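Asks: Attaching a predicted model along with its sequence, questions to come.
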Protein chains: 2
Amino acid sequence: MAILRFNITMSLDGYVAGPNQSVEHPLGEGGEKLHEWAVASRAFHTMHGTDGGAVGPDDAIIEETFRNLGATIMGRNMFGGGHGPWGKDPWRGWWGENPPYHTPVFVLTRHAREPLEMQGGTTFYFVTDGIQSALERAKKAAGGKDVSLAGGADIAQQYMKAGLVDEMELHVVPLLLGAGSRLFENTDARQAGFELIRTLHSPLVSHYKYRRVEM
Amino acid sequence: MAILRFNITMSLDGYVAGPNQSVEHPLGEGGEKLHEWAVASRAFHTMHGTDGGAVGPDDAIIEETFRNLGATIMGRNMFGGGHGPWGKDPWRGWWGENPPYHTPVFVLTRHAREPLEMQGGTTFYFVTDGIQSALERAKKAAGGKDVSLAGGADIAQQYMKAGLVDEMELHVVPLLLGAGSRLFENTDARQAGFELIRTLHSPLVSHYKYRRVEM
């Protein structure tokens, strides 16, 4: 059965982005260090259309997260472009003309907008009627494949609270960011009903995979 | 040189005790699960005067944390006994007549009290004039050995903020407690100036050891 999957990299002190996110620092100050393990992998290079990268457990984990994916959901902050209406020359995302999603992407926002078709199979759809609606549309678009919840923290919290996340994998790096966006804030992780199903450590990062159990 | 060392077990969602701490649940609801890895070790049994327990990496880590220790500092919540004055039949701690510290223990509190001598080398001293004073007294009592900061989260935050923690080891268990006492709250871990010096994974827990570097 198609499920909603969520994976994110978190610092040991609980942050998924550093403080003061901006166009210069889309991941916040120091936040890019969270993703060094992923950027080093071959899967990341392949996804971004470049050669090279390391193979090994981290690479295998990333490959797994992109397997059997049919659609993506993300929050407005992750898509970027500020909080106002879209305006005359609307923001096209952080990722250039060929974003690394290669699926329909449902962006939760308060401001309606026409779908934005990019290269490589990514089309951004803008959803203004909430997380349930975004999930329904994403599942339909995925055609039986899984849906990925790409982040950020605020949207993840909303889906966790609603008990809609079927699988969560946390990639924990031993970094102390000190401030930023906390993943486990405004939410009680127990409500999500997760049980640990796999742990995998590499020299750079520890991967913890949880599955939702009916309670 | 004698240093201030701090080690604590944290859930993956950032809590060092569960919600609703009470006499029935001194570690909060679900909080005892944090310490299953430690309770299983031989070092824990030895410290509590019982036989048995597992040897291995977790046991070695606990042994190391108790090596060369001359004094202990803890907060009022960790010592327990409520927040009022001490009264006629004052609280003697959670640990019975032979507490597992076996050193002088400096308890930060707002209410003065005579020292309380227990069995096995533990004497509780009650310090009412702040964290700097407690550290000075503990270092003096330690006679050249290290001082251990036993917790809880609030006192650890105060010492981290003041840049007084020389070594910190986090024992991270893949448990989602959902609520409780957060370690990295009201403090910016970067202020503490830590660099990672060792990572060690066991099947139950991951140990991350940091050292303070002058900035």
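Replies: Noted; the coordinates are in hand. Residues are numbered from 1 along each chain as shown, chains lettered A, B, ... in the order given.

Asks: give me every residue that touches the closest residue to A:V55 other than its chain neighbours.
Replies: Excluding the flanking residues, the one nearest A:V55 by Cβ to Cβ, 6 or more residues apart in numbering or on different chains is A:R42, at 5.2 Å. (C-beta placed from N, C-alpha, C; glycine too.) If you count contacts by Cβ atoms under 8 Å, 6 or more residues apart in numbering or on different chains, A:R42 has them with A:G52, A:G53, A:A54, A:V55, A:D59.

Asks: where in chain A is pLDDT low?
Replies: Within chain A, the segments meeting pLDDT under 70 span A:83, A:215.

Asks: hang on, the earlier thing: among the contacts of A:R42, who's most crowded?
Replies: Neighbour counts for these, by other Cβ atoms under 10 Å in any protein chain shown, peak at A:D59, which reaches 21 neighbours.

Asks: For the helix or strand encompassing A:I8, which strands pair with it and how are they oriented?
Replies: A:I8 is part of strand A:4-11 when elements are defined by DSSP states H and E. Here strand A:4-11 has these sheet partners by DSSP bridges: strand A:146-151 (parallel), strand A:167-173 (parallel).

Asks: Go through these and pick out the most buried.
Replies: strand A:146-151 (a mean of 24; mean count of other Cβ atoms under 10 Å in any protein chain shown).

Asks: C-alpha coordinates for the longest helix that chain A contains, CSV please?
Replies: In chain A, with assignment by DSSP state H, the single longest helix is helix A:131-142. The C-alpha trace of helix A:131-142 is given here as CSV (Å, rounded to 0.1, in the frame of the first residue of the first chain):
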residue,chain,number,x,y,z
ILE,A,131,-2.5,19.0,4.8
GLN,A,132,-5.2,16.4,4.3
SER,A,133,-6.0,17.8,0.9
ALA,A,134,-2.3,17.9,-0.1
LEU,A,135,-1.9,14.3,1.0
GLU,A,136,-5.0,13.1,-1.0
ARG,A,137,-3.8,14.9,-4.1
ALA,A,138,-0.3,13.6,-3.7
LYS,A,139,-1.5,10.0,-3.3
LYS,A,140,-3.6,10.3,-6.3
ALA,A,141,-0.7,11.8,-8.4
ALA,A,142,1.6,9.1,-7.1
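
Asks: what residues does that helix touch?
Replies: Applying Cβ under 8 Å, 6+ apart, the contact partners of helix A:131-142 are A:2, A:4, A:69-73, A:103-104, A:106, A:108, A:125, A:127, A:147, A:155, A:158-159, A:162, A:164.

Asks: List buried residues within those residues.
Replies: A:2, A:4, A:69-73, A:103-104, A:106, A:108, A:125, A:127, A:147, A:155, A:158-159, A:164 (16 or more other Cβ atoms under 10 Å in any protein chain shown).

Asks: so of these, which ones are in helices?
Replies: Filtering those for helices - DSSP H - leaves A:I155, A:Q158, A:Y159.

Asks: From B:V165, how far off is the residue nearest the centre of chain A?
Replies: Centroid-nearest residue in chain A, with Cα atoms, centre = their mean: A:A150, separated by 1.8 Å. Distance check for A:A150 against B:V165: by Cβ to Cβ, to the nearest Å, it reads 36 Å.

Asks: and stretch A:29-45, which residues are buried?
Replies: By 16+ other Cβ under 10 Å, the buried positions in stretch A:29-45 come out as A:E29, A:G30, A:G31, A:L34, A:W37, A:A38, A:A40, A:S41, A:R42, A:A43, A:F44, A:H45.

Asks: end to end, how far does stretch A:177-185 reach?
Replies: Terminal residues of stretch A:177-185 lie 16 Å apart, using Cα to Cα, to the nearest Å.

Asks: got it, and stretch A:34-53?
Replies: First-to-last residue span, stretch A:34-53, Cα to Cα: 17 Å.

Asks: of all the contacts of A:R42, which two lie farthest apart?
Replies: A:G52 and A:D59 (11.5 Å; Cβ to Cβ).

Asks: give the contact list for A:G30.
Replies: So A:G30 contacts A:G18, A:P19, A:L175, A:L177, A:G178, A:G180 (Cβ under 8 Å, 6+ apart).

Asks: From B:P26, how far out is the fourth one?
Replies: Between A:L177 and B:P26 the computed distance is 31 Å (Cβ to Cβ).

Asks: So those two - more neighbours on which side?
Replies: Shown here are A:L177 and B:P26; by other Cβ under 10 Å, A:L177 has more neighbours (29 against 15).

Asks: I'd assumed A:R211 was in a helix, is it?
Replies: No: the assignment for A:R211 (DSSP: H, G, I helix; E, B strand; the rest coil) gives strand, which keeps it out of a helix.

Asks: mind listing what the residue lying closest to it once chain neighbours are set aside touches?
Replies: Among residues not flanking A:R211 along the chain, A:I197 sits closest, at 4.9 Å (Cβ to Cβ, 6+ apart). Applying Cβ under 8 Å, 6+ apart, we find A:I197 in contact with A:K209, A:Y210, A:R211.

Asks: Name the nearest of the residues you listed relative to chain B.
Replies: A:Y210 (7.5 Å; Cβ to the nearest Cβ).

Asks: was I right about A:I61 contacting A:L204?
Replies: No: with contacts counted by Cβ atoms under 8 Å, A:I61 stays clear of A:L204, the gap being 11.1 Å.

Asks: Neighbour count for the two, which is higher?
Replies: Neighbour comparison, A:I61 and A:L204: the larger count goes to A:I61, with 22 against 18 (by other Cβ under 10 Å).

Asks: Please list all residues in contact with that one.
Replies: If you count contacts by Cβ under 8 Å, 6+ apart, A:I61 has them with A:E169, A:H171, A:L200, A:H207.

Asks: Now it: which helix or strand?
Replies: Element membership of A:I61 [criterion: DSSP H and E] is helix A:57-66.

Asks: ok, the closest residue to A:G31 other than its chain neighbours to A:W95 distance?
Replies: Take A:G31 and drop its neighbours on the chain: the residue closest to it by Cβ to Cβ, 6+ apart is A:G18, 3.6 Å away. The spacing between A:G18 and A:W95, counted by Cβ to Cβ, is 19 Å.
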